[in-house]
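Enquirer: Return atomic coordinates for the entry below.
(one chain, ligands or ions: 1)
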Amino acid sequence: MNRVVITSAVTDDVRQLLYKLDRHSTETVQHSMRVANLFMACLEHYQLFRDIWGSLFLGALLHDFGKYFVPHTILNKKGSLNHKEWEIMRYHPVFGYTVARQSLRIGLPGQHLILYHHERWDGYGYLYGRKKAEIPEYVQLFSIIDAFDSMTNVRSYQKTPMSAAQAKKEIRDHRGTQFSPTYVDLFIDFPLEPFQQPSGSLFFQSEYRR
Ligand SMILES: [Fe+2]
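Expert: Numbering: from 1, shown residues only. Down below sits the predicted model:
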């Protein structure tokens, strides 16, 4: 099993949480690191939300921290979750948000990213059913990148990953329903090539330090 190496820029308290999550679910930490990396690269490319990069980077790294509280039997289940299992799983954003709010100073944008990352543009996401402008703009972009990474990598619920082109098509197909049209357009135009190298994507830059 690959161990996660977390370099520079990540403060000790955040690092400890990531190591803790890594012991529970390495797959989740690897996903979080890829997503945080791609998200920051996209923000940098378009020079978006520059004044809150530090907070967003830490929020992105910890967006799924709440899965630490979800048992392995649910997290690694091959088939679909039953009602009771789903009732636990769907609360992972608020579990993670609670930890971040109580024990870290990652800033409000990062906290909101953790709390709202499963909301959908059309209001059919969870936990709050927020829609459109009720969802912070940086979360609108983040949820696209989160979905892209899940589709293009092997996850416990998906053995065969999609190609980047297939995943982009899938995202385009959900433009205006699951995802914000504005941020779908930005993401589709974002040059992904540097991130498609097997080991080229895990870097953390000191400028994201809070
Ligand atoms: Fe999540």
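Enquirer: Pass me the low-pLDDT residue ranges in the protein, would you?
Expert: 1-9, 155-158, 195-210 (pLDDT under 70).
Enquirer: in the lengthiest helix in the chain, what counts as buried?
Expert: The longest helix of the chain (DSSP state H) is helix 26-46. Buried residues in helix 26-46, counted by 16 or more other C-beta atoms under 10 Å: 27-43. For the C-beta atoms, the positions are set from N, CA and C on the backbone; glycine is no exception.
Enquirer: Please report phi then psi for residue 116.
Expert: phi -110, psi 10 (degrees, to the nearest 10).
Enquirer: residue contacts, it?
Expert: Residue 116 makes contact with 93, 128, 130, 135, 136, 139 under the criterion C-beta atoms under 8 Å, 6 or more residues apart in numbering.
Enquirer: Relative to residue 31, how far out is the most centrally placed residue in the chain?
Expert: The centroid of the chain falls nearest to residue 146 when counting by C-alpha atoms, centre = their mean (4.4 Å). Remark: distance between residue 146 and residue 31 (C-beta to C-beta, to the nearest Å) = 8 Å.
Enquirer: Quick one: residues contacting residue 121.
Expert: Residue 121 makes contact with 131, 132, 135, 140, 176, 177, 178, 179, 180, 181, according to C-beta under 8 Å, 6+ apart.
Enquirer: Show me the residues you listed that map onto helices.
Expert: Of the contacts of residue 121, the ones assigned to helices by DSSP H are 140, 181.
Enquirer: Mind giving me the PyMOL select for the contacts of residue 121, buried ones only?
Expert: To isolate the buried members of the contacts of residue 121 in PyMOL, using 16+ other C-beta under 10 Å:
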select buried, resi 135+140+178+179+180
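Enquirer: got JSON lines for the contacts of residue 121, with distance to residue 59 too?
Expert: Below are the contacts of residue 121 laid out as JSON lines (distance: C-beta to C-beta, whole Å):
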{"residue": "131", "distance to residue 59": "21"}
{"residue": "132", "distance to residue 59": "21"}
{"residue": "135", "distance to residue 59": "14"}
{"residue": "140", "distance to residue 59": "14"}
{"residue": "176", "distance to residue 59": "25"}
{"residue": "177", "distance to residue 59": "25"}
{"residue": "178", "distance to residue 59": "20"}
{"residue": "179", "distance to residue 59": "19"}
{"residue": "180", "distance to residue 59": "18"}
{"residue": "181", "distance to residue 59": "23"}
